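Q: Pasting the sequence and the predicted coordinates here, then a few questions.
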Amino acid sequence: MIIQSTIFFICILIFILTFYTTKLSIPFFEKFFQDIPNIRSSHKKTKPTGLGIIFAIFSSIAFLILAIFLCIYIYWDCKYNKFHGWY
């Protein structure tokens, strides 16, 4: 039960960090990374581009944190609970 609540907490934390980091970095991306529309574009004004890199970075960090946590949990479970295989 503790492992599910920890994974849920990590996912919520990563979601909040991604949301607010994206929100705070929009002015920077609007200034330096603009998508200027052309004839084939569906928008008329310039839009910031490249914000997906923030999502990719935080997703990678979340994956690493979860993988490390699961490795530690499995090691601890095998060492102290005398795990002998699937029942």
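A: Great, that's in hand.
Q: Is the most centrally placed residue in the chain in a helix, a strand, or coil?
A: Among the residues of the chain, residue 59 comes closest to the average C-alpha position under CA atoms, centre = their mean, at 2.6 Å. At residue 59 the chain is in helix, as set by DSSP: H, G, I helix; E, B strand; the rest coil.
Q: same question, the one 5 residues further on
A: Here residue 64 is helix, with the state taken from three-state DSSP.
Q: Roughly how far does it sit from residue 13?
A: 14 Å (CB to CB, to the nearest Å). Using the backbone N, CA and C atoms, a C-beta is placed for each residue, glycine as well.
Q: ok, those two, which is more surrounded?
A: residue 13 (13 against 10; other CB atoms under 10 Å).
Q: Okay, now the unreliable bits of the chain?
A: 1-4, 82-87 (pLDDT under 70).
Q: now residue 72: how far from residue 78?
A: For residue 72, the distance to residue 78 - CB to CB - is 11 Å.
Q: for the longest helix seen in the chain, packing partners?
A: Using DSSP state H, we find that the single longest helix of the chain is helix 2-32. In terms of contacts (3 or more CB pairs under 8 Å, 6 or more residues apart in numbering; DSSP states H and E), helix 2-32 is packed against strand 47-48, helix 52-80.
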